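Colleague: what's the 3D shape of this:
(chains A and B)
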Amino acid sequence: MSEPKRLHPATMIFNLVMALRSTIFIFVLIFVTLYDTHLFYAILAAVLLVGFLFLGSFLSWSRFTYRIEGEELRLEYGILVRKKRYISKNRIQSIDLTQNVLHRIFKLAKVEIETAGTGAEAEASLIAVTLEEGEALRAELKSIVKVEELADDTETIIPSQSISKKRLLVAGATSGRIGVLLALGGAAFSELERFIPANFYDQAYNWAIGLGLIILALMVVGIILFLWLVGIAGTIIKYWNFTISKVEEDIVITCGLLEKKHITIPLKRIQAIGHVENLIRQPLGFTTVIAEIAGGSNDKGEQFSTVLFPMIKIEEVDAFLEEFLPEYLTNRQEIKPLPKRSLKYYLFRMIVPALVLLAAVFFILPQFVWIPIVILAASVVLGILQYKDSGYVIEGNRITLRYRVFSKVTMIMNHKRIQAFNKKQHILHRKERLATTQLSIVGKMGMGKHYHVKELDEKAVDEMSDWYSCREG
Amino acid sequence: MRKPPIHTISHDAIKAWRITAILYEAIAWVITIIGIVLHFVVDFPLWIVLILIAVSVVSTYFTVFLLPKLRWKRWRYEVFEQEIYIQHGILVVSRTLIPMIRVQHVETEQGPILKKFDLASVSISTAATTHQIPALSNEVASDLRDKISALARVDEDDV
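Modeller: Numbering: from 1, shown residues only, chains lettered A, B, ... in the order given. Okay, here's the model as predicted:
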């Protein structure tokens, strides 16, 4: 494999699509400013720009070569500034193959190679190579046997678990994505608002009044139902056929309907394991298992923790951990709760913003005062839940923290993964012998990730610090 | 973690912090003076000028006279063979433990104000966090840096 190779020619299409996507606002600008006066020039400019982008796509494809030489992967690329990047094999942490719809039409795959380094982008990313080539590359660079081949081998059993269709549907129905969709819709609307003529609102208002209340309510319900279904579809497309397996020292995850993802997580890089129950899933007894992974790229807006399993019964978490991550198996039933005297701090934090809102609405829009009252009641309930769910337990060299912002989060950390320990107290805390604890671990992109449990008993925090402290005697 | 760390930082820290605070407050006072001038020249509203004066007076009292002393009093550190122990904070007291084996690098820094008092600050970085001990005397800071650097050995299992 020492001959320099080019990527698959389809890379040009990918490059062009990417370039068009990032310059789309220029096209919009050209047409908006020149539409009325000089349409011909607008079209000419657009054609020139597309031609220029196409040339760029072609050049960047033709200048990009890769080869494996000795123990290194060598990339050469760059149009004006030629760059050479050599990545040593034993520095490579993971090699991920992904396929979006376009890749699958041409039977191609995108190869992303990550090292422990920090940064938003993968160390090396081969936009499109044939699937066989991608698999060969992975085998060569990682020198591990392919999952399928291992499966044929009867002697080694690889632990593996897939999500059932029914669970996936439940996951979609309870994902809470509807909130995100509403926010996105709102943002899109505020952008489009400029193009809506002013009298549209009056017409729409008169039209809506004419329809009557029942039809209006039905429409609102219909929209919410539609968004909910879109959310379900989104979850199903994302986590379709979600399978996690453990191959030697790696966790391998494959999922996706339109875009097939293949994620490799070396066990060494896992910093913490946890499970999250949002407010809808918790009463149903379902949870999502997540992992915090050090380094790596922040792929495709996935700022959150890596999902190890999207939907699992809470009772099954222990079995899941035992199968895949036995060192994170803890006795989470014995979590020590907060002392009673810390409840007032939790309530205070939740109630004050709600009260401010209430006061503001009361003076400005008194007819809508019921909205902040509902929010206030919800805040009190959430505050009590936050208080009830917070706690910790120490077992051997593992610590389990539990807290809630909206979702209930349980995180399990290993002593050797915790980078620093912090105890905070303000004046009132000191009088009441309470303290807030913060544990820091390494998160995505090499940034610190900090976990807090607020208003623990001071004794508990001291117990934690004694547990954490490496001092002898 | 029950006892606070034993070492305090250099007493000159108070002076250095005061000078820094004075430089920042100077900006506030310049704005206030512009406000006063504008009031007499173009009838700039009086209440805004009064608020500016009040804010400048109060913030100057706090940042120049009160806080540096309190801050100095609370700032403590102690370096053990296995870990570093830091305490700081005026209203919210924060105590931090950093195990030596988690320390990735340590550095000393010296800005123009610290230089004037022959002071330096020491920054200790782990893979996830950075902690700074401000305003130690130059000599203490260098010794501390060398000591931590010698004691810090990164675990081979680490990322």
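Colleague: domain ranges for the chain?
Modeller: Chain wasn't specified; assuming chain A. Taking automatic domain parsing as the reference, chain A has its domains at A:5-94+A:115-127, A:166-239, A:243-338+A:390-468, A:340-387.
Colleague: wait, chain B
Modeller: According to automatic domain parsing, the domains of chain B span B:7-72, B:77-151.
Colleague: mind checking how far the top helix by length along chain A is from the chain centre?
Modeller: Under DSSP state H, the helix in chain A containing the largest number of residues is helix A:213-239. The chain centre lies 23 Å from the centre of helix A:213-239; the measure is Cα atoms, centre = their mean, to the nearest Å.
Colleague: hang on, the earlier thing: ranking the domains of chain A by mean neighbour count, which comes first?
Modeller: domain A:243-338+A:390-468 (a mean of 18; mean count of other Cβ atoms under 10 Å in any protein chain shown). Yep, even glycine has a C-beta here, placed from its N, CA and C like the rest.
Colleague: Endpoints of that domain, how far apart?
Modeller: 36 Å (Cα to Cα, to the nearest Å).
Colleague: anything in it near chain B?
Modeller: Yes: using Cβ under 8 Å from any Cβ of the partner chain, domain A:243-338+A:390-468 reaches chain B at A:268-269, A:294-295, A:416, A:418-427, A:430, A:440-443, A:446-450, A:461-462, A:465-466, A:468.
Colleague: Mind checking which of those land in helices?
Modeller: A:Ile427, A:Arg430, A:Val461, A:Asp462, A:Ser465, A:Asp466, A:Tyr468.
Colleague: low-scoring stretches of the chain, by residue?
Modeller: This is for chain A. Low-confidence segments of chain A, defined by pLDDT under 70: A:1-2, A:116-122, A:143-157, A:177, A:179, A:190-198, A:295-304, A:445-446, A:472-473.
Colleague: You answered for a different chain; I wanted chain B.
Modeller: B:1, B:153-159.
Colleague: can you point me to the longest helix in it?
Modeller: helix B:12-42.
Colleague: Give the next helix or strand downstream of that one.
Modeller: Sequence-wise, the next helix or strand downstream of helix B:12-42 (DSSP states H and E) is helix B:46-60.
Colleague: okay, the angle between that following helix and helix B:12-42?
Modeller: Going by axes from the mean of the first three to the mean of the last three Cα atoms, to 10 degrees, helix B:46-60 is angled at 170 degrees with respect to helix B:12-42.
Colleague: Show me the contact partners of helix B:46-60.
Modeller: B:Ala21, B:Glu25, B:Ala28, B:Trp29, B:Ile31, B:Thr32, B:Gly35, B:Ile36, B:Leu38, B:His39 (Cβ atoms under 8 Å, 6 or more residues apart in numbering or on different chains).
Colleague: same deal with stretch B:21-34?
Modeller: B:Val49, B:Leu52, B:Ile53, B:Val55, B:Ser56, B:Ser59, B:Thr60, B:Thr63, B:Val64, B:Leu67, B:Pro68.
Colleague: Which residues of chain B lie near chain A?
Modeller: So chain B meets chain A at B:1-2, B:80, B:82-83, B:89, B:91-102, B:126-129, B:131, B:155, B:157-159 (Cβ under 8 Å from any Cβ).
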